[in-house]
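J.: my questions concern the predicted model and sequence given below.
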Amino acid sequence: MVNIRINNTDLTVKEGTTILDAAKANNINIPTLCYYPDLDIKSDCRVCSVEIVGEKGLVTACSQPVWEGMEVKTNSPRVLNARKTLTELLLANHDDTCTACERNMNCELQTLANTLGIDENRFENVLEEEPLDSHNDAITRNANRCIKCGRCVDVCKNVQGLNILETMNRSHEMKVTPAYGKYLSDEECTFCGQCSSVCPVAAITERDNTDEVWRVLDDDRKHVIVQVAPAVRVSLGEELGSEPGSIVTEKMVAALKQLGFDGVFDTDFTADLTIIEEGYELIERIKEGGTLPMMTSCCPGWISFIEQRYPELIDNLSTCKSPQQMFGALAKSYYAKTENIDPENLHVVSIMPCTAKKYEAAREEMSVDGEHQDVDTVLTTRELGKMIRQMGIDFNELENTPFDNPFGITTGAAAIFGATGGVMEAALRTVSEVLNEEPLEKLDFEDVRGMEGIKEAELELAGNKVKVAVAHTLSNARQLAEKVKGGEKDYAFIEVMTCPGGCIGGGGQPYNTTDAKREERIRATYQVDTGMEYRKSHENPYIKRLYEEYLEEPLGEKSHKLLHTHYFSRN
Amino acid sequence: MLEKKLITARFDKINPLSIDDYVEHGGYEALSFALGMERVDIIEEVKKSQLRGRGGAAFPTHIKMMGVAKEEDEPRYVVCNADEGEPGNFKDRYLMENDPHQLIEGMIITAYAVRANKGFIYIRGEYDKPHSVLQWAIDEARKKGYLGKNILDSGFNFDIEIRSGAGSYVCGEEFALIESLEGKPGRTRVKPPFPTQEGLFQKPTMLSNVETFANLPHIVDMGGEKFAEIGTESSKGTKIISLSGNVKKPGIYEIPFGVPIRDVIEQLGEGTPADRKVKMVQLGGASGPIIPEYMTDLTIDFDRFENFDSKTGAGAVIVMDDRFDVFDILLRISEFFEHESCGKCTPCREGNLQLLKLVEKFVDRQSSEKDLANIESLARVMHQTSLCGLGQSAPTALLSTLQYFRNDFVDRIEHPESQ
């Protein structure tokens, strides 16, 4: 332990602690900008500069470990002046039209400037405007807002292992960009959007589709329905000011109704359907010697990753569409037919924790009639939050409202799709009961839960020992992909989610997501599961009815047409 | 005689391309002796010599050596910083061109002491001649058994590779150099960890300047105590001065520490052409302070410079006579740093451009009191908060002129019309 003094407080902290952590643990606030919990210490922005008594220069609190007897001043005039100057410098090379910015009032730079009381910038604005990169359906980059903090570069490189974003040039011409200043769409970007979720300003955002939704909601000819992904119900509350891990399912439904949707449905329903189709696909592959290990296909970032980097593993991917796309396909066929709506006038919106879902929905093959996309518009959790705020809805005062039917009755198995290991667990609940022909004694597969990067489990299926693996983040996924590519035959089934923690940590989730918040959302996810009447997908009565009335059987002809897809090498 | 030739003693006496010449003049004797010494004893001698780094930061060399020697991680590296990009400095070039084996020998001794088996010389991109001279010398040394496996039958293996920079100034900064050596853009890293702990390829790395390594054979040869008899209380040994600007005899001069700058200019440089008045002298290079003539009594000494909130730098003395204007110099320096900043940290990336814009206002006589206050405040913040030496020292010249030539600034504000 080391004794230090910060301002006038004597503290005893662990050796090796940084000044920032020591201060934080003792309720002393030091402003930061490039610092982000769970990411590397970059020490680029220098905003957390503090004074160590007796030292000439200032040091950055984020990177400086304490030493015995260190005396730190976090708010001396010298420090305050430095902090202010640094912030002014950043603002002077930044598009500072704050009121015309999507991060207005939710921007770390703006908050910092406000905290420091900057009312006038002493420096001339030197921004040289650059065009937007809005050449893809998922993510927009606005270099004019970028403050070169390096968080996006870090997350792309170290969390996802992709290196799509890099820094280019030097001095004030230094910028964050895909290699050679190309567009994201020119690169093997999976559109996971982790870069957007760590960006402190509005330099990287999801492509904003809220206007489009407002337009169709106002159009009387349109029948507009919405589906909501499992992970959104445990994060939307947070987006709207509640504690991380708040479960707001029924208030969310009420809000969507107020926004004017004609039907508010649950992607959990098609998550259950995915489990049936994917479960039977796995059983078929095991029984008939198909390509194993089978790998999940719910996550569009992961699909892109395989198509771009491991096309030789395409046959390992389940052919099942993701729950979002299964919903879209059913909506544009089954639902349109039973409700007697011309698909031309049916607009399907989905609320996803994800930016890559925007890309997925726009994939050419995601259309059952070849004319209309199955999912017309995808909004992130953040965009839904924005619409609720725009509407002026007092979210917490809303009356709890259940989802509409026929896609409203769901199971706990579907609810856990949002967390890493959740798809695996949901599949195992169904597959083991079907194969073992007896009810499961224990529903919880603890081995595949939690934030560990790669998880493995072994279980018995129809008398055979079967090994499964679960990975989240593409760095971890790459390890599994390499193993499979190298001929590893041990695993029968692999689940991959691109984002840390799974969809609950998706690129479209509230800003400032940290591992601590991910844990809270995961906890909430399993809480939703245990509170459900049904906890196994194959017990969902509406799924049973859907097969009886329409689909006929898992992996059947209709299923193949509507619920399964194919992949392309994009290497 | 002001000069004291220690590491430049063989200049003009030997053919730098002849290893035999070097050996005849006592070369590789120190290595041979060192290989028979205990490794810690070599570091002990360096400690006694009180040798401090010659690249500008003046860090005690033995502490660095000890730092690498005590690390268990392998491999360990010895890296020579021959990027000499600081405007006004050219002494490393002379050391490499005129006595390449002295550097190589210094590196081998250091490598032996810190248990490193691989060395790199990171040489400035523009240095074609020293590059080829060094490459020749390395090849010769390898042929004669001074480099490679089992050096002089000692069982010790060490070899050196030369890597060329690509013209970036910041790659002379230790971590930017290491990044560049690894094939990455030249941008510094956050400290700690220091290079001695996690340097090249994250391995313990002994990184020093050409001149520092060149001193090693002499320390082994003379013994640390004898070496420490040269120089002053705080600064032992000799320093090579790169003398340039308005002097009759520019060039490199090796002096013992403690010589006044005025003597360097007047005696070694033989004064200014046409005996004009010296207006200012910049010390260390573009990143160093600019002092007025009346301060040239200052002696070349680490601590004297330290008191003066400056580093000796690598030993450049740039003389400017009374034909020159403070703002001509400041403009060029500001343009230089605005161009060379790596862009990683805020104060350097954004600050250098803003600083340049403010200097331009003074140059154009468009400046106000407010600009004076802003330029001073910005320069101080850059100095105090920049991540590496580049940003910290970029405003040094400006800050020193604000201190010693303040009237020039005030004059520009008060007389916007006069030329």
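T.: Thanks, I have it. This one's a predicted model, so the numbers in the text were calculated from it and none came from an experiment.

J.: get me the contact residues on the stretch 1-150 of chain A for chain B.
T.: Where the stretch 1-150 of chain A comes near chain B, counting by CB under 8 Å from any CB of the partner chain, the residues are A:41-47, A:49, A:56-58, A:60, A:63, A:65, A:78, A:81-82, A:85-86, A:89-90, A:92-93, A:122-124, A:126, A:148. All C-beta spots, glycine's among them, are computed from the backbone N, C-alpha and C.

J.: take those residues and keep only those in strands.
T.: A:S49, A:T60 (DSSP state E).

J.: which among the residues of the stretch 1-150 of chain A next to chain B end up buried?
T.: Among the residues of the stretch 1-150 of chain A next to chain B, those that count as buried by neighbour count (16 or more other CB atoms under 10 Å in any protein chain shown) are A:41-47, A:49, A:58, A:60, A:63, A:78, A:82, A:85-86, A:89-90, A:92-93, A:122-123, A:148.

J.: quick revisit: just the residues of the stretch 1-150 of chain A next to chain B: which are in helices?
T.: Secondary structure assignment by DSSP state H places A:R78, A:N81, A:A82, A:T85, A:L86, A:L89, A:L90 of those in helices.

J.: can you redo those as TSV with pLDDT?
T.: What follows is those, written out as TSV (pLDDT from 0 to 100):
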residue	pLDDT
A:R78	96
A:N81	97
A:A82	97
A:T85	98
A:L86	98
A:L89	98
A:L90	98
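
J.: tell me which residue is most central in the chain.
T.: You didn't pick a chain, so chain A it is. When chain A is reduced to its mean C-alpha position, the closest residue under CA atoms, centre = their mean turns out to be A:G506, at 0.8 Å.

J.: please refer instead to chain B.
T.: Centroid-nearest residue in chain B: B:G55, 2.7 Å away (criterion: CA atoms, centre = their mean).

J.: residues near residue 99, how many?
T.: No chain in the question, so chain A it is. Using other CB atoms under 10 Å in any protein chain shown, A:T99 is surrounded by 6 other residues.

J.: that was the other one, I meant chain B.
T.: Counted with other CB under 10 Å, the neighbours of B:D99 add up to 26.

J.: write out the residues of the stretch 151-300 of chain B neighbouring chain A.
T.: Going by CB under 8 Å from any CB, the residues of the stretch 151-300 of chain B near chain A are B:S168, B:V170, B:P185, B:R187, B:V190, B:K191, B:P192.

J.: looking at those residues, state which has the most neighbours.
T.: Highest neighbour count within those, by other CB under 10 Å: B:V170, with 29 neighbours.

J.: could I get the full set of helices for the stretch 101-250 of chain A?
T.: With DSSP state H, counting those that start in this stretch as the criterion, the stretch 101-250 of chain A has helices at A:108-115, A:151-154, A:194-198, A:210-218, A:236-239, A:249-259.

J.: can you redo these as CSV with mean pLDDT and mean neighbour count?
T.: Output for the helices of the stretch 101-250 of chain A, formatted as CSV (pLDDT from 0 to 100; neighbours: other CB atoms under 10 Å in any protein chain shown):
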stretch, mean pLDDT, mean neighbour count
helix A:108-115, 97, 18
helix A:151-154, 97, 23
helix A:194-198, 97, 27
helix A:210-218, 98, 15
helix A:236-239, 98, 25
helix A:249-259, 98, 21
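
J.: ok, and the closest non-adjacent residue to B:Q392?
T.: Spatially, and ignoring its direct neighbours in sequence, B:Q392 is nearest to B:S386 (4.6 Å; CB to CB, 6 or more residues apart in numbering or on different chains).

J.: show me the contacts for the one you found.
T.: Contacts here follow CB atoms under 8 Å, 6 or more residues apart in numbering or on different chains; on that basis B:S386 touches A:R46, B:C345, B:P347, B:C348, B:G351, B:Q392, B:A394.

J.: same list (those residues) but as JSON lines, adding secondary structure, pLDDT and distance to A:A524.
T.: As requested, the contacts of B:S386 are arranged in JSON lines below (DSSP: H, G, I helix; E, B strand; the rest coil; pLDDT from 0 to 100; distance: CB to CB, whole Å):
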{"residue": "A:R46", "secondary structure": "coil", "pLDDT": "98", "distance to A:A524": "37"}
{"residue": "B:C345", "secondary structure": "coil", "pLDDT": "97", "distance to A:A524": "39"}
{"residue": "B:P347", "secondary structure": "helix", "pLDDT": "98", "distance to A:A524": "42"}
{"residue": "B:C348", "secondary structure": "helix", "pLDDT": "98", "distance to A:A524": "44"}
{"residue": "B:G351", "secondary structure": "helix", "pLDDT": "98", "distance to A:A524": "45"}
{"residue": "B:Q392", "secondary structure": "helix", "pLDDT": "94", "distance to A:A524": "48"}
{"residue": "B:A394", "secondary structure": "coil", "pLDDT": "96", "distance to A:A524": "50"}
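
J.: domain ranges for chain B?
T.: B:19-227, B:238-321, B:326-414 (automatic domain parsing).

J.: coming back round to it: now the closest residue to the residue nearest to the centre of chain A other than its chain neighbours: how far from A:S197?
T.: For A:G506, ignoring the flanking residues on the chain, the nearest one in space by CB to CB, 6+ apart is A:P353 at 3.5 Å. According to CB to CB, to the nearest Å, A:P353 stands 10 Å off from A:S197.

J.: chain neighbours aside, what residue packs nearest to the residue nearest to the centre of chain B?
T.: Once flanking residues are discounted, B:G55 sits nearest to B:N209: 3.2 Å by CB to CB, 6+ apart.

J.: bridging residues for that neighbour?
T.: Beta-bridge partners of B:N209, counted by DSSP bridges, are B:N81.

J.: wait, what's in contact with the closest residue to chain B within the stretch 51-200 of chain A?
T.: The stretch 51-200 of chain A approaches chain B most closely through A:M174 (2.7 Å), counting by CB to the nearest CB. If you count contacts by CB under 8 Å, 6+ apart, A:M174 has them with A:K148, A:T167, A:M168, B:C342, B:G343, B:K344, B:R349.
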